[in-house]
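Chemist: Turn this into a model:
(chains A, B, C, D, E and F, ligands or ions: 6)
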Amino acid sequence: MKTHQAKRVEITIEAIMQSRLTDALSAAKVTGYTVLPVLGGSGRSGEWVRSGEIGRASGMVQVVCIIRPERLDGLLDAAFGVVDKHIGVVSIMDCDVVRAERF
Amino acid sequence: MKTHQAKRVEITIEAIMQSRLTDALSAAKVTGYTVLPVLGGSGRSGEWVRSGEIGRASGMVQVVCIIRPERLDGLLDAAFGVVDKHIGVVSIMDCDVVRAERF
Amino acid sequence: MKTHQAKRVEITIEAIMQSRLTDALSAAKVTGYTVLPVLGGSGRSGEWVRSGEIGRASGMVQVVCIIRPERLDGLLDAAFGVVDKHIGVVSIMDCDVVRAERF
Amino acid sequence: MDQILSLAANNLLSPIILSFVLGVAASLARSDLSVPEAAAKALSIYLLFAIGFKGGVSVAAHGVDAKLGLTLLVGIILSAGLPLIAFGLLQVMTGLSRLDAAAVAAHYGSISIVTFVAATSVLQSSGITYEGYMVAVAAAMEAPAILSALWLISRGGSERRMDSDLWREILLNGSIVLLVGAFFIGWITGEEGLSEISSFIVAPFKGVLCLFLLDMGLVAGRGLRSRSGVLKPGVLAFGLLMPVVGSSLGAVFGLLLGLSTGGVALLMVLSASASYIAVPAAMRVALPEANPSIYLTLSLGVTFPFNLTLGIPLYVAVASALTGA
Amino acid sequence: MDQILSLAANNLLSPIILSFVLGVAASLARSDLSVPEAAAKALSIYLLFAIGFKGGVSVAAHGVDAKLGLTLLVGIILSAGLPLIAFGLLQVMTGLSRLDAAAVAAHYGSISIVTFVAATSVLQSSGITYEGYMVAVAAAMEAPAILSALWLISRGGSERRMDSDLWREILLNGSIVLLVGAFFIGWITGEEGLSEISSFIVAPFKGVLCLFLLDMGLVAGRGLRSRSGVLKPGVLAFGLLMPVVGSSLGAVFGLLLGLSTGGVALLMVLSASASYIAVPAAMRVALPEANPSIYLTLSLGVTFPFNLTLGIPLYVAVASALTGA
Amino acid sequence: MDQILSLAANNLLSPIILSFVLGVAASLARSDLSVPEAAAKALSIYLLFAIGFKGGVSVAAHGVDAKLGLTLLVGIILSAGLPLIAFGLLQVMTGLSRLDAAAVAAHYGSISIVTFVAATSVLQSSGITYEGYMVAVAAAMEAPAILSALWLISRGGSERRMDSDLWREILLNGSIVLLVGAFFIGWITGEEGLSEISSFIVAPFKGVLCLFLLDMGLVAGRGLRSRSGVLKPGVLAFGLLMPVVGSSLGAVFGLLLGLSTGGVALLMVLSASASYIAVPAAMRVALPEANPSIYLTLSLGVTFPFNLTLGIPLYVAVASALTGA
Ligand SMILES: Nc1ncnc2c1ncn2[C@@H]1O[C@H](COP(=O)(O)O)[C@@H](O)[C@H]1O
Ligand SMILES: Nc1ncnc2c1ncn2[C@@H]1O[C@H](COP(=O)(O)O)[C@@H](O)[C@H]1O
Ligand SMILES: Nc1ncnc2c1ncn2[C@@H]1O[C@H](COP(=O)(O)O)[C@@H](O)[C@H]1O
Ligand code: NA
Ligand code: NA
Ligand code: NA
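Modeler: Ligands and ions are numbered 1, 2, ... in the order given. Purely as a prediction, here's the structure:
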């Protein structure tokens, strides 16, 4: 099958920041993403588990964007505008997609 | 540690199509996969959140397959037979695995 | 944006082994990871779905670690010490990260 | 007329309806109030189990009515027939494609069990009894409409083959199995069984229904907010007209069958209500090109609220008038 | 004094408190006992709905007290004012940065609805009545404290602008909407509405509260285990002193308003309690640099248990003494 | 004999058992009916809390029986000893490897708390009382069997060291902590505590048990469907024989202890039942090479249904006959 190169950006961020992140993505014309739940994790700000928290302040999610390589920088700028002061991680991978016109 | 090249295929698809997809994978002798829950997302068919839906028609899942490179095409053919008319995304990445005989 | 190369290790493992795995990671000074829930899967030990199980013995999780390339081997040694006898899969991908000093 | 108005006012100001309204208002105001998916599903399991069980107990108590079989048959005919009427109306009233029209039509032949549950709770408050087997009729009306819709599409040239998996999924979907299963458990164990668990399935029933409708309101409101663009005037009008058409047919058949006042009212409710669980799922598999925004918004955002607030008291009043109760 | 002791002992040995203690003990012992997140959220929805509804019914029954508006206003003043006092105390008693101190202060102006619920249940056991609108006062006290904290920070030079999204999130957060919505539903439907659903929202209430407090205990214990490092003596002392200061102010205002014994006690409880849901969420957005370990551990790990076990009986006893009941 | 048959028939046609049967049937028919994981866990928390609490209240009411300590000791002996018998039977009746046999054996020394709960509900329906501390005996019987199984393996040459983490996990697993904790809460608060929350933990108990067993049926049925291949005739026979052997031993010890009719019946039930939560978890950690399909299918797919449907009425009848009740 014919495939095309793309980038897969994975952003782990506080759940309460999710809508701010996706709003920023939309503003940068990134309209394709998938949000995954996160059970727990560990980082510079310590360890946490979902069942150890109460209420909306808690928890993280993972936002995954598949995007054409040339649009990566726009996405990262938008994302870091939101993620910067908050706890979270961003990683970027190469991937191949089939129906490139979608991205 | 000795590692071997493999492919990691990530298929985001409507939950109701999951069993049809995994049946197709099994028929193509792809018997290793992991299914992740999805909280929400956005694509050409608009934005949705899991909590905004009722019942079985709703929601998406992510099916992740790690597979030997030479078996990739068989997997993609099987997957696209199911995904084609339905909303969803497929992406392919390179990865390394340790116990290659498993895949 | 300036990015740096890193490795993304994805370990799918029985939920009951999660704390043993993350303890082993901490012992190997890997203190950054994210844990994702898994809905179901299939492998050499057969097919399973979360809703088909009762209690703690059941279920799997996915532990994702982003790490500097030079620390990969330490991580894999620690992980395989725990995963070896248990059902589960480990895959390794290349990725890029932005704030490299974090990893 | 006075009676209708007072019933409607009573209904509108009941905790059940107000909980629904609260849910709609909260999501239109973009509050983050939400009922966890698992909790909403647990509530619906409770409601289905309770309503099925009580139906079965009532059949055990009053014996099998000679009309049981006939009523089931009429239910199946209504479910299969209503989509044809709906399809015709949609062709006339809206600019929907044949595919979208057929998908919408399927929803209106099938039923909404929550509307049914809400109606039984109104009947019970008004002291009106009904045939216990109406629960079984509800179950029988879920699937036939799907067949009719697929037949409509295949007539239009594009053949649709239902795979056997889809058949099994429709006929054995969780709601039907639980409703019918609980019905048989209630039938087998009768009043004695009910007395063992009535402080679980009878006493708190209305309160649970409040929380469930709060969640329904949240979901309906969210759908309206994000998808109201699909509600062209013709489509909207259909969502309000079709329940009236459906319930009229239901009334006619209910009278022909000689059902009780409550039975006629419930057959009207079933005919008037539109599916938003089983049929959408089947449509995603069988007609993936049909636009889910249209049928979900219509069924859950327009027809469900209409039936819940105005429809049910109207149908009960009409049934009372027609049966001379 | 005797009365206080016996109330305290009674309170400490009630199933509610013991369930909380069980939760704390289980998580300190690192048991894997846990309440699923969805279940805990469902329990809190139940409690908010029930407490709001009953408050509304009580207002419907006793008419709108002339003091309703004034009490709401006092609640808002307390919520906005207490953070200033808290901030001052924190500056004196602890070495926290201005940022952390402001974040903590916001929590103590706002309220903990579970503490409120537990207090109503103690009042009810003791046969002490209270103004139904205290539920509305609780809702009104959630947000003003956040504003005060942000004002404190901006005075320190680092301007904070609340975006309008955050405003909406705070004012329309799910707990407030549900509490206030249920309050209005109760008010509208009155005793009649209550009688329809009382076997759901009244009879099992205390039992549900037990399970909810079990979960609160688990969460509080887990927080103490993993974050107790942040509890420097001064910080810990603040977490025990501030509720006493807050409740005293609450008592003064309650007496000035001429509230009933139960009303005074509840205003004391609201002033004494610290938020652990709405405010932490707002702080994560508005003051992400403030350390959540500090404010969560203080509010949930120190002040909540203190109020639940010793505070509530103390406040009730003081309110009784002051109002001469 | 007549009595046994009528008890069995009564039991088989109760809502509780029929709910379980519905679950099994639904999953064998591949319906998508399912109870969300969080809801199932919430139901089990409710059941453990309620059964523990009521046990404690009963001990508070009747005082500590002199036999309490002795019965606990007997429970521990049974739990440790039954795996040895089970292991011997498995070696004779099946072709399982030593490892798999030891893993299975551990399950049969330990207990199923749901079987225990179902048995208490049958006793209660039959008006048979039992010692409240049997709840504590159930808790004490969970873990010793695991030790025996590991000893069996180490005798076979392959040393197994339990890490201290696993110890803590077994002894402080959530179910035990909740059961024992609720037992103490019930004991401390006594009848007074019970009266506060009885409309939560007593009245709806049986109904909740129905829904929980519906889920158990779904899970057991799914296991049977996907894993029934492991059920070789010898293995299957073991799953039916072992409860009979276990319950006989339980009866002997119960009589020696001089327990009441209900107490003997419950000790039989505990001895006959097999774990499907705590022990499988421990086996995955300590004996990961043992095949979970075998022990889960046997314990949950064979022995649990057997005990629930035929075993419990049998054990109650035998206990009645033996104690001359
Ligand atoms: N190296 C890493 N690999 C994977 N996830 C990470 C890593 N570092 C941080 N995270 C995730 O990001 C969250 C916040 O990280 P931090 O801002 O470092 O506290 C953690 O709780 C993890 O879920
Ligand atoms: N570019 C993308 N990156 C990540 N996920 C996507 C992307 N596009 C679509 N998706 C996911 O696939 C679902 C359906 O996409 P679509 O078929 O484009 O509506 C969305 O709801 C997302 O969960
Ligand atoms: N090739 C694969 N790709 C993705 N996930 C896999 C694969 N093989 C196994 N898994 C996951 O690992 C679990 C255990 O695998 P196994 O040890 O092979 O039974 C499965 O249930 C899957 O969730
Ligand atoms: Na209909
Ligand atoms: Na306060
Ligand atoms: Na046993």
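
Chemist: Who's the closest spatial neighbour of the closest residue to ligand 2 within chain A, skipping the chain neighbours?
Modeler: Per Cβ to the nearest ligand atom, A:G32 is where chain A lies closest to ligand 2, at 2.5 Å. Quick note: C-beta positions are derived from backbone N, CA and C, even for glycine. Leaving aside its sequence neighbours, A:G32 sits nearest to B:G43 (Cβ to Cβ, 6 or more residues apart in numbering or on different chains; 5.0 Å).

Chemist: try D:G52
Modeler: Nearest residue to D:G52, sequence neighbours excluded (Cβ to Cβ, 6+ apart): D:A182, at 3.1 Å.

Chemist: ok, then the element right after the helix or strand in which that neighbour is found?
Modeler: For D:A182, the host element (DSSP states H and E) is helix D:174-201. Using DSSP H and E, the helix or strand that follows helix D:174-201 in sequence is helix D:205-227.

Chemist: Would you mind getting the angle between that next one and helix D:174-201?
Modeler: If you take axes from the mean of the first three to the mean of the last three Cα atoms, to 10 degrees, helix D:205-227 sits at 140 degrees to helix D:174-201.

Chemist: contacting residues around the top helix by length along chain A?
Modeler: Counting residues, the longest helix found in chain A (DSSP state H) is helix A:72-83. Contacts with helix A:72-83, where a contact means Cβ atoms under 8 Å, 6 or more residues apart in numbering or on different chains, come from A:7, A:9, A:11, A:13, A:17, A:20-21, A:24-25, A:27-30, A:65, A:67, A:90, A:92, C:1, C:98.

Chemist: Contacts (any at all) between ligand 2 and it?
Modeler: No. Figure legend: helix A:72-83 not in contact with ligand 2 (Cβ under 6 Å from any ligand atom); closest approach 10.2 Å.

Chemist: Could you give the separation of that helix from the chain centroid?
Modeler: The chain centre lies 10 Å from the centre of helix A:72-83; the measure is Cα atoms, centre = their mean, to the nearest Å.

Chemist: May I see the buried residues of it?
Modeler: A:L72, A:L75, A:L76, A:A78, A:A79, A:F80, A:V82, A:V83 (16 or more other Cβ atoms under 10 Å in any protein chain shown).

Chemist: can you pull the pLDDT of residue 98?
Modeler: If you meant another chain, say so; for now it's chain A. The model reports A:V98 with a pLDDT of 86.

Chemist: not quite, I wanted chain D
Modeler: D:R98 is assigned 95 on the pLDDT scale.

Chemist: Now do the same for the closest residue in space to D:V177 that isn't next to it in sequence: helix, strand or coil?
Modeler: Here the nearest residue to D:V177 in space, its sequence neighbours aside, is F:S31; by Cβ to Cβ, 6+ apart that works out to 4.4 Å. Following DSSP: H, G, I helix; E, B strand; the rest coil, we place F:S31 in the coil state.

Chemist: Please list all residues in contact with the closest residue in space to D:A29 that isn't next to it in sequence.
Modeler: Among residues not flanking D:A29 along the chain, E:L172 sits closest, at 5.6 Å (Cβ to Cβ, 6+ apart). Residues in contact with E:L172 (Cβ under 8 Å, 6+ apart) are D:A26, D:A29, D:R30, D:S31, D:D32, D:L33.

Chemist: One more: D:Q3?
Modeler: Taking Cβ under 8 Å, 6+ apart, we find D:Q3 in contact with D:A317, D:S320.

Chemist: Would you confirm that it belongs to a helix?
Modeler: Yes. Counting by three-state DSSP, D:Q3 is part of a helix.

Chemist: Show the pLDDT at it.
Modeler: pLDDT, D:Q3: 70.

Chemist: separation between it and F:I113?
Modeler: To F:I113, D:Q3 is 54 Å away according to Cβ to Cβ, to the nearest Å.

Chemist: circling back: next one: phi and psi at the residue nearest to A:G32?
Modeler: Per-residue torsions, B:G43: phi -160, psi -160 (degrees, to the nearest 10).

Chemist: For it, report the pLDDT, please.
Modeler: 88.

Chemist: What is the burial count for it?
Modeler: By other Cβ atoms under 10 Å in any protein chain shown, the residues close to B:G43 number 18.

Chemist: Then the one 4 residues further on?
Modeler: For B:E47, the count of nearby residues is 14 (other Cβ under 10 Å).

Chemist: ok so it is a helix residue?
Modeler: No. Counting by three-state DSSP, B:E47 is not part of a helix but strand.

Chemist: I'd like to know how many residues surround the nearest residue to it once chain neighbours are set aside.
Modeler: Nearest in space to B:E47, with sequence neighbours left out and distances taken as Cβ to Cβ, 6+ apart, is D:S226 at 6.9 Å. When counting by other Cβ under 10 Å, one arrives at 16 neighbours for D:S226.

Chemist: ok, now the one 10 residues further on?
Modeler: The burial count assigned to D:L236 is 18, neighbours taken as other Cβ under 10 Å.

Chemist: do D:P233 as well
Modeler: D:P233: 9 surrounding residues under other Cβ under 10 Å.

Chemist: pLDDT weak spots in the stretch 1-150 of chain D?
Modeler: Residues of the stretch 1-150 of chain D meeting the criterion pLDDT under 70: D:1.

Chemist: quick one, phi/psi of the residue positioned nearest the centre of chain D?
Modeler: Geometric centre of chain D, nearest residue: D:S112, 1.9 Å, by Cα atoms, centre = their mean. Dihedral pair for D:S112: phi -110, psi 110, per degrees, to the nearest 10.

Chemist: so who does it touch?
Modeler: D:S112 neighbours (Cβ under 8 Å, 6+ apart): D:S273, D:A274, D:S275, D:Y276, D:S299, D:F304, D:N307.
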